[in-house]
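1. coords please:
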Amino acid sequence: MNAFSVSLFVFLNLILSLCLGAQSRIVTLEGELIDGNIKGISAKGVVSLDEKKIPLDGLRTIVFNDSAKEGDESIGKVVLICGSELAVSNIILSEEEFILSVNELGEIKVPIDSVRALRFGQLRRGSRFQKALLDWTETRELDTIFISGGAELKEVEGLIEEYDNDTLVFDRDDKLQTIPVNRAYGVVLASPLLKEDERPSCVLSIKGGTRIRASINHLIDNVISLSLIDNIKLSIPWENVKRITLRSPRLAYLSDLEPISSKVNPIVALKRNYQKDRTVTGLPIKISDRIYDKGLGFSSGMQLEFSNEGPYDLFLAEIGIDDDALGRGDCEFVVKAGQEELFRVRVKGGDPAKLIKVDITGYNSVTLEVDPGNDLDIADHADWADACFLQSLK
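-> As a prediction, the model looks like this:
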């Protein structure tokens, strides 16, 4: 074969691979890794991966092998009550709906009652705004506007009346007040977030900084069809999807269960309680810049025991030290059954998340423990992200 033929062969293979779609890595519920090109997802929830047919509810994640980092040029985020976070470049309030210009997705219209919060600019992790967004679970009569100024955010209650990219107008005690948007850090609206079991089952990370909670209708001709809430439907080019995290009836998240025993034995760090679906400091779980919706937040010296009464034979989690430790931390993650140690691994701050899989067949209870490393228990913000019991297919 001459040089021209070799070059032509390589070129044709490159074109063919591009036509077939981006290379993907699928992680099954049992932790098996499968690489290939996803050609479609049927309305019945069957994934076509090259020549394989795989049920969608048997998967944990779909990750696309695209290492390019995306710039976020959004002016902020719009959070829907289902937990979706839309990275927007423009917001218009028109009567009872928001008209949003969403990065990579174009114009999306959403009813005002479907919006949980507006955030302008970059999020300050641990701010009063974020804690309000997470902790306020009841329907409120008024919206809460967070105004920047000084060391603390100022909270003002009212009802949003008008918004454009320059000014925010709200009704406070039957009087209209106007503030410039560059002083408005964000707004938490009266509608609360839906409870976890009321939200759609899939989380899609989209190029441009958007995260969508939705149900997948189908993937046809490289366009994925999604259903969110309140009849909000989206059709997104498949190439704009970076990652999909899925849920299955075959698993039980430990953050949805109550432990049968717990212990907390700090050395020098403050005594804290474990957290459900948060890191130990109360912020969303975040490892290597990836946010997890489910999981447990520990510090060193913590131990939780869970009953294994269901048909579960595997424990799975993605473990790591939370980003809010700023690269610090050194600890060991331990899984036990009674006095028997099933798993132990050392993790340091800045390490990428590790997917672990532990056989718990025949054990009536499982204990999670975090032990300190070389730096005592300082900054050991240990996350058991997506920690769950799983019923494997046998």
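2. pLDDT at the spatially most central residue of the chain, what is it?
-> In the chain, the C-alpha closest to the average C-alpha coordinate belongs to Tyr292, at a distance of 3.8 Å (CA atoms, centre = their mean). You'll see Tyr292 listed with a pLDDT of 90.
3. Identify the residues contacting it.
-> Pro284, Ile285, Lys286, Glu318, Asp383, Ala385, Asp386 (CB atoms under 8 Å, 6 or more residues apart in numbering). (Glycine included, C-beta is placed from N, CA and C.)
4. Who are the contact partners of the third one?
-> When you say that, I think you mean Lys286. Lys286 neighbours (CB under 8 Å, 6+ apart): Arg125, Thr279, Tyr292, Asp322, Asp323, Asp324.
5. wait, is Asp197 part of a helix?
-> Yes. Secondary structure of Asp197 (DSSP: H, G, I helix; E, B strand; the rest coil): part of a helix.
6. need the helix or strand of the chain with the lowest average pLDDT.
-> The least trusted helix or strand in the chain, going by mean pLDDT, DSSP states H and E, turns out to be helix 3-20, with a mean of 40.
7. And the helices in this protein?
-> 3-20, 128-135 (DSSP state H).
8. avg pLDDT for the last one?
-> Same thing as helix 128-135. The model assigns helix 128-135 a mean pLDDT of 77.
9. what's Asp35 in contact with, if anything?
-> So Asp35 contacts Gln23, Ser24, Arg25, Ile26 (CB under 8 Å, 6+ apart).
10. Same check on Val223?
-> By CB under 8 Å, 6+ apart, the neighbours of Val223 are Ser235, Ile236, Pro237, Trp238.
11. Okay, and the beta partners of it?
-> Ile220, Pro237 (DSSP bridges).
12. I'd like the distance between it and Thr144.
-> Distance, Val223 to Thr144, using CB to CB, to the nearest Å: 38 Å.
13. Quick check: Leu133 touching Ser127?
-> No. Taking contacts as CB atoms under 8 Å, Leu133 lies outside contact range of Ser127: 9.3 Å.
14. More neighbours: those two, which one.
-> Counted by other CB atoms under 10 Å, Leu133 and Ser127 do not tie: Leu133 has more neighbours, with 21 against 17.
15. what's the burial count for Lys52?
-> Neighbour number of Lys52 under other CB under 10 Å is 10.
16. Now do the same contact list for it.
-> Lys52 touches Ile34, Gly36, counting by CB under 8 Å, 6+ apart.
17. Bridged to it, which residues?
-> Leu49.
18. Can you tell me the closest non-neighbouring residue to Ser288?
-> Pro352 (4.8 Å; CB to CB, 6 or more residues apart in numbering).
19. Neighbours of that neighbour, how many?
-> Around Pro352 there are 11 residues (other CB under 10 Å).
20. Distance of the closest residue to Gly209 other than its chain neighbours relative to Ser127?
-> What sits nearest to Gly209 in space, not counting adjacent residues and going by CB to CB, 6+ apart, is Ala87, at 3.6 Å. As judged by CB to CB, Ala87 and Ser127 stand 18 Å apart.
21. next one: Thr361
-> 44 Å.
22. Ala117 too?
-> For Ala117, the distance to Ser127 equals 12 Å [CB to CB].
23. Pro111 too?
-> For Pro111 relative to Ser127 (CB to CB), the value is 27 Å.
24. next one: Ile321
-> Distance of Ile321 to Ser127, computed by CB to CB: 22 Å.
25. Make sure Val370 is actually in contact with Phe298.
-> Yes. Assessed by CB under 8 Å, Val370 is found in contact with Phe298 at 4.5 Å.
26. Overlap of the contact sets of these two?
-> What both Val370 and Phe298 touch, as defined by CB under 8 Å, 6+ apart, is the set Asp380, Ala382.
27. buried subset of the contacts of Val223?
-> Buried subset of those (neighbour count, 16 or more other CB atoms under 10 Å): Ile236, Trp238.
28. Looking at the contacts of Val223, which one is closest to Gly45?
-> Using CB to CB, Trp238 comes nearest to Gly45 of the contacts of Val223, at 16.6 Å.
29. Share the number of residues neighbouring Phe129, please.
-> 21.
30. List the contacts of it.
-> Ala117, Arg119, Leu123, Phe146, Leu153, Tyr185, Gly186, Val188.
31. Over to Ala190?
-> Applying CB under 8 Å, 6+ apart, the residues near Ala190 are Thr139, Arg140, Glu141, Leu142, Asp143.
32. quick one: it from Val181, how far?
-> 20 Å.
33. picking up where we left off before, of the contacts of Tyr292, which pair is most distant in space?
-> Greatest spatial distance among these (CB to CB): Pro284 and Glu318, at 14.3 Å.
34. ok, these two, which is more surrounded?
-> The neighbour comparison of Pro284 against Glu318 (other CB under 10 Å) goes to Glu318, with 23 against 20.
35. And this structure, split by domain according to the record?
-> Under the assignment automatic domain parsing, the domains of the chain span 3-60, 68-248, 251-390.
36. What is the burial count for Val334?
-> The burial count for Val334: 16, using other CB under 10 Å.
37. Report the contact partners of the closest residue in space to it that isn't next to it in sequence.
-> Using CB to CB, 6+ apart and skipping the chain neighbours, the partner closest in space to Val334 is Glu369 (4.1 Å). By CB under 8 Å, 6+ apart, Glu369 lies in contact with Met302, Gln303, Leu304, Phe333, Val334, Val335, Lys336.
38. Quick check: which ranges of the stretch 101-250 of the chain have low pLDDT?
-> Counting by pLDDT under 70, the stretch 101-250 of the chain has low-confidence residues at 123-126, 150.
39. rerun at 80
-> Scanning the stretch 101-250 of the chain with the threshold set as pLDDT under 80 gives 121-128, 130-139, 149-152, 165, 230.
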